[in-house]
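J.: quick one, fold the following:
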Amino acid sequence: MAETQEHEEASAVTLTQEEEANVKEQVPHRSPVVFEIIRRSGEEELNRPLASLWWSGLCAGLSIGFSVLSQALLRKYLPDASWTPLIEKLGYTIGFAIVILARQQLFTENTITAVVPLMAHPHLKNLLLVMRLWLAVLIANVVGATFFSLFLTYGGALDADLLKFIHDISVHATVAPPGALIGRGVVAGFLIATLVWIMAGIEGSKLSVIVLFTYLIALGNFGHVVAGSVEASFLVIDGTQSIGQAIFGFFFPALIGNMLGGTAIFTLLAYGQIRNELKDQQLGRPEDRGDGGTGPNANKTDRPAKPTSRGGAKDSVAAPKR
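T.: Just a heads-up that it's a prediction; the model follows:
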């Protein structure tokens with residue numbers, strides 16, 4: 001509170017209360033606030049029933065298939081020119097937009113969302129909850145992606161030319177040396193984690209942020225384990241690849257890369273930049289001091305204020321609902 005008052009007194013111009021509120025509304029969230037928003041959202045997801053995680057993950061696996069189908073549709077109707085991929089790759093963003101805006105469970109989002117609560121409170125219970133969520137969502141995503149590939153192949157809704165374009169797109173995305181797929185997966189995992197972090201700190205323009213980051217993934221051919229599962233399963237169904245080639249030649253390398261980029265790199269770096277601030281705040285809470293509120297700092301008034309559920313405080317946080 002004292003810091004806020006000092007900041008207001010140091011304003012370069014005289015502002016009314018309404019204008020001061022407008023200024024606060026435009027100030028971006030501080031990193032610890034973004035961390036707390038993701039932590040609360042992550043805790044909510046970790047404690048959801050397993051059936052809810054499964055069905056949401058299954059929907060995400062089906063929805064992400066539209067990234068592949070949209071690219072094929074654009075390729076079919078665009079001319080064969082050097083600039084065609086610049087437009088075609090926009091189709092890749094469709095599936096991600098559906099999944100993220102519909103709040104469906106996507107594994108690569110959970111490489112940061114589910115891990116942040118574990119970093120804030122590194123207990124065995126939280127670790128087991130993270131493993132439970134990862135396993136349920138990943139399996140559900142892959143099952144949904146495979147169902148979508150079966151529909152593409154046997155649903156009768158697509159003509160032969162469109163199926164050929166899907167085949168070509170799938171080969172381009174999934175057939176590569178394992179080392180290259182891991183490296184591409186690292187970039188994709190990092191970009192998805194960055195997307196989650198940014199979206200937690202903004203209120204508008206979410207669609208444009210989703211399109212920007214996923215379009216970059218498509219342009220760079222950076223491997224995404226769930227979207228790539230649609231393509232890999234399609235190649236298995238049409239006989240181009242064996243199940244072993246799809247699993248060990250694409251799935252595991254992409255999975256390792258996504259987890260390295262999303263959790264081991266981005267999430268750890270994000271936690272590192274706010275770790276000391278979190279510890280400073282925890283020292284003001286009796287449950288974190290371990291003294292039951294009777295220690296030497298018990299009567300100090302510089303503890304962080306609890307966020308209010310109403311009002312215009314910019315740094316108040318609330319977990320988004322799925």
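J.: how many residues are close by the closest residue in space to residue 242 that isn't next to it in sequence?
T.: Distance criterion Cβ to Cβ, 6 or more residues apart in numbering; nearest residue to residue 242, sequence neighbours excluded, is residue 236 at 7.0 Å. Every residue, glycine included, has its C-beta placed from N, CA and C. Using other Cβ atoms under 10 Å, the number of residues around residue 236 comes to 18.
J.: cool, and residue 153?
T.: Other residues lying near residue 153 total 16 when counted by other Cβ under 10 Å.
J.: and it, which of the three is it?
T.: helix (DSSP: H, G, I helix; E, B strand; the rest coil).
J.: hmm, back to that, the residue nearest to residue 242: which element?
T.: helix 225-237 (DSSP states H and E).
J.: show me what counts as buried in stretch 230-246.
T.: Buried residues in stretch 230-246, counted by 16 or more other Cβ atoms under 10 Å: 230-237, 240-241, 245-246.
J.: identify the farthest-apart pair in those residues.
T.: Greatest spatial distance among the buried residues of stretch 230-246 (Cβ to Cβ): 230 and 245, at 15.8 Å.
J.: thinking again about what came up before, hmm, residue 243 and the residue nearest to residue 242 touching each other?
T.: Yes. Residue 236 is within contact range of residue 243, at 5.7 Å (criterion: Cβ atoms under 8 Å).
J.: could you redo the buried residues of stretch 230-246 as TSV and give each row distance to residue 116 and pLDDT?
T.: Output for the buried residues of stretch 230-246, formatted as TSV (distance: Cβ to Cβ, whole Å; pLDDT from 0 to 100):
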residue	distance to residue 116	pLDDT
230	28	96
231	30	95
232	29	95
233	31	96
234	34	96
235	35	95
236	35	95
237	37	95
240	39	92
241	36	92
245	35	92
246	31	94
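J.: contact partners for the residue nearest to residue 242?
T.: Residue 236 makes contacts with 242-243, 246, as judged by Cβ atoms under 8 Å, 6 or more residues apart in numbering.
J.: from residue 177, how far out is it?
T.: According to Cβ to Cβ, to the nearest Å, residue 236 stands 19 Å off from residue 177.
J.: the spatially most central residue of the chain: what's its closest spatial neighbour, skipping adjacent residues?
T.: Centroid-nearest residue in the chain: residue 109, 2.7 Å away (criterion: Cα atoms, centre = their mean). Closest residue in space to residue 109, ignoring its immediate chain neighbours: residue 196 at 5.5 Å, by Cβ to Cβ, 6+ apart.
J.: need the contact list for the one you found.
T.: Here residue 196 is in contact with 38, 109, 112-113 (Cβ under 8 Å, 6+ apart).
J.: okay, and which of the contacts of residue 236 map to helices?
T.: Per DSSP state H, helices hold the following members of the contacts of residue 236: 243, 246.
J.: and which of the contacts of residue 236 is nearest residue 82?
T.: Out of the contacts of residue 236, the member with the shortest distance to residue 82 (by Cβ to Cβ) is residue 246, at 31.1 Å.
J.: where along the stretch 151-300 of the chain do the helices fall?
T.: 160-174, 178-200, 206-219, 225-237, 243-246, 252-259, 268-282, 286-289 (DSSP state H, counting those that start in this stretch).
J.: who are the packing partners of the fifth one?
T.: Under the contact criterion of 3 or more Cβ pairs under 8 Å, 6 or more residues apart in numbering; DSSP states H and E, helix 243-246 touches helix 225-237.
J.: output the helix it packs on as PDB, nothing but the C-alphas.
T.: Output of helix 225-237 as PDB, limited to C-alpha atoms (Å, rounded to 0.1, in the frame of the first residue of the first chain):
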ATOM      1  CA  VAL A 225       2.900 -34.100 -30.500                       C
ATOM      2  CA  VAL A 226      -0.900 -33.900 -30.600                       C
ATOM      3  CA  ALA A 227      -1.400 -32.200 -34.000                       C
ATOM      4  CA  GLY A 228       1.300 -34.500 -35.300                       C
ATOM      5  CA  SER A 229      -0.500 -37.500 -33.900                       C
ATOM      6  CA  VAL A 230      -3.300 -36.800 -36.400                       C
ATOM      7  CA  GLU A 231      -0.800 -36.800 -39.200                       C
ATOM      8  CA  ALA A 232       1.200 -39.900 -37.900                       C
ATOM      9  CA  SER A 233      -2.000 -41.900 -37.400                       C
ATOM     10  CA  PHE A 234      -3.200 -41.000 -40.800                       C
ATOM     11  CA  LEU A 235       0.000 -42.400 -42.300                       C
ATOM     12  CA  VAL A 236      -0.400 -45.600 -40.300                       C
ATOM     13  CA  ILE A 237      -4.000 -46.000 -41.500                       C
END
